[in-house]
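**Q** Sequence and predicted model, in that order:
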2 protein chains.
Amino acid sequence: MNDDGVADGLRERTRRAVRAELSALALAMFAERGFDQTTVDEIARAGGLTKRSFFRYFPAKEDVVFGGVDVLGEQVVEEIRARPAGEDPWQCLHQVLRRWEERIHGSERELAAHRLIESTPSLRARRHEKREQWRTRVSAALQDRAGATLDTFTADLLTNAASAALDTVSREWLRSGGTADRAALTDRAFALLRPAVLGT
Amino acid sequence: MNDDGVADGLRERTRRAVRAELSALALAMFAERGFDQTTVDEIARAGGLTKRSFFRYFPAKEDVVFGGVDVLGEQVVEEIRARPAGEDPWQCLHQVLRRWEERIHGSERELAAHRLIESTPSLRARRHEKREQWRTRVSAALQDRAGATLDTFTADLLTNAASAALDTVSREWLRSGGTADRAALTDRAFALLRPAVLGT
DNA sequence: GAGCATATGACACCAGGTGTCATCTCTGAC
DNA sequence: GTCAGAGATGACACCTGGTGTCATATGCTC
């Protein structure tokens, strides 16, 4: 057993391999025939297993798309807690999320995934749902941060706004065909929305 | 025939009555047993019709909740187009959405609906999906507005941020048990997120 | 009252998702 | 090396949201 991260046993390795293969397979099929026009059963069969087993790898059909595409992660929450005490909450969000954006390498796979997500309502809904979960935790982290006196409303507002910024960046990045600099766009978005006066 | 608004014929009246009754019924059942624990068939049967007919009144199970709860409307788009030419886009969004918030009367029904939405992932997802559709149109309206020179990225960013503000207000309003002043909260949110410099 | 649109029920069907059980395979302890 | 237990799989049944179709009934209009 090992904690959360990368595992070693052959079992874990094959499991990850199957996941990746299934994910790639599904993405290809989605790109060709559309998300809704491709059934789970078809994906599973194409990957050499049954529908039932597919759902043992992914909790839902939508999740096969969010393989490498981090919606937001534990790491973000931790990094926020680790930020310097006196720092402006918005600045804090900006820096942490900027680093997170920088980690997204614009591989062809990633681009296809984003394209698919952006053009499929149920996928966008799923992303939003996932991000909402993280956002709640980020909001709490922002409040818990050393030296922060932030009411819940403001904390929620800031994290919601940050999430909106990420959405906008993602959309613009897609519009550019994956060539735009996500970090730069992030800077622009965060600069524009920078709260006038904090610490009311 | 009449345009969009209130119709007169007995048919239209009964249709609206059934819709309202179904909506109230469903809301009560959801409140008691939870959204996922209540099937469409049960709601339909309780309302004296079949599952098939339920879906002739509502395109999806989620939609029975968004009866009086406007997610955003055509009116908002029009009002934006009607705003004074020189006005700051953010100011424009603020004013229009503030008026929209003021129209929300905090009835018990409304409160219950919001409570349900806020606590049910699939409903939040649906709301987001609906709002996204309007947001796109609002974004376009903002760009088309007389005297506006707004690039797509900024327009999207502003409408996304405005949507985030509405979400936050809604959540805070719910936290207060429906007693908070939505218009005032809206003012606070829009004041905090006011873009530093517009018209790059 | 004839003729038409609309609403409904009944029924079949599809797809996403889950529970269950028998079987097989890999892993770790002895 | 063997053996027991954990994990993965397939098969199957089942639930639920959602749609297509058709026959029938109920209004609405002239």
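**A** Yep, that arrived. Residues are numbered from 1 along each chain as shown, chains lettered A, B, ... in the order given.

**Q** what helix or strand does residue A:110 sit in?
**A** In the assignment (DSSP states H and E), residue A:110 maps to helix A:108-119.

**Q** Sort out which residues of that helix are buried, please.
**A** Going by neighbour count (16 or more other CB atoms under 10 Å in any protein chain shown), the buried part of helix A:108-119 is A:109, A:112-114, A:116-118. C-beta: built from backbone N, CA, C; applies to glycine.

**Q** what's it packed up against?
**A** Contacts defined by 3 or more CB pairs under 8 Å, 6 or more residues apart in numbering or on different chains; DSSP states H and E place helix A:108-119 against helix A:10-33, helix A:121-144, helix A:152-175.

**Q** Would you tell me which of those helices gets closest to DNA strand C?
**A** Closest of these to DNA strand C is helix A:10-33, at 2.8 Å (criterion: CB to the nearest atom of the strand).

**Q** Sort out which residues of the closest one are buried, please.
**A** Burial within helix A:10-33, assessed by neighbour count using 16+ other CB under 10 Å, is assigned to A:18, A:22-27, A:29-30.

**Q** Please put the alpha-carbon coordinates of the lowest-mean-pLDDT helix or strand in chain A into PDB.
**A** Every helix and strand of chain A was ranked by mean pLDDT, DSSP states H and E. The lowest is helix A:108-119, at a mean of 89. This file holds the C-alpha atoms of helix A:108-119, laid out as PDB (Å, rounded to 0.1, in the frame of the first residue of the first chain):
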ATOM      1  CA  GLU A 108      -2.400  17.500 -28.500                       C
ATOM      2  CA  ARG A 109      -4.300  15.200 -26.200                       C
ATOM      3  CA  GLU A 110      -4.900  18.000 -23.700                       C
ATOM      4  CA  LEU A 111      -6.100  20.300 -26.500                       C
ATOM      5  CA  ALA A 112      -8.500  17.700 -27.800                       C
ATOM      6  CA  ALA A 113      -9.900  17.100 -24.400                       C
ATOM      7  CA  HIS A 114     -10.500  20.700 -23.800                       C
ATOM      8  CA  ARG A 115     -12.100  21.200 -27.100                       C
ATOM      9  CA  LEU A 116     -14.400  18.300 -26.300                       C
ATOM     10  CA  ILE A 117     -15.300  19.600 -22.900                       C
ATOM     11  CA  GLU A 118     -15.900  23.100 -24.100                       C
ATOM     12  CA  SER A 119     -18.300  21.900 -26.900                       C
END
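
**Q** Give me the residues contacting that helix.
**A** Residues from elsewhere that reach helix A:108-119, judged by CB atoms under 8 Å, 6 or more residues apart in numbering or on different chains: A:24, A:27, A:30-31, A:35, A:65-69, A:104, A:123-124, A:127, A:170-171, A:173-174, A:177-178.

**Q** Let's see that with 10 Å instead.
**A** If you take CB atoms under 10 Å, 6 or more residues apart in numbering or on different chains as the criterion, helix A:108-119 is touched by A:23-24, A:26-28, A:30-31, A:34-35, A:62, A:64-69, A:71, A:104, A:106-107, A:123-124, A:126-127, A:167, A:170-171, A:173-175, A:177-179.

**Q** buried subset of those?
**A** Buried, going by 16+ other CB under 10 Å: A:23-24, A:26-27, A:30, A:35, A:62, A:64-67, A:69, A:71, A:104, A:106, A:123-124, A:126-127, A:167, A:170-171, A:173-174, A:178, out of the contacts of helix A:108-119.

**Q** Which ones among those also lie next to DNA strand D?
**A** Contacts with DNA strand D within the buried ones among the contacts of helix A:108-119, counted by CB under 7 Å from any atom of the strand: none were found.

**Q** coming back round to it: between the buried residues of helix A:10-33, which sits nearest DNA strand D?
**A** Distance to DNA strand D, by CB to the nearest atom of the strand, is smallest for residue A:18 among those, at 5.5 Å.

**Q** thinking again about what came up before, adding distance to residue B:149, write the helices and strands packed on helix A:108-119 out as TSV.
**A** TSV is the format used below for those (distance: least, CB to CB, whole Å):
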stretch	distance to residue B:149
helix A:10-33	36
helix A:121-144	29
helix A:152-175	18
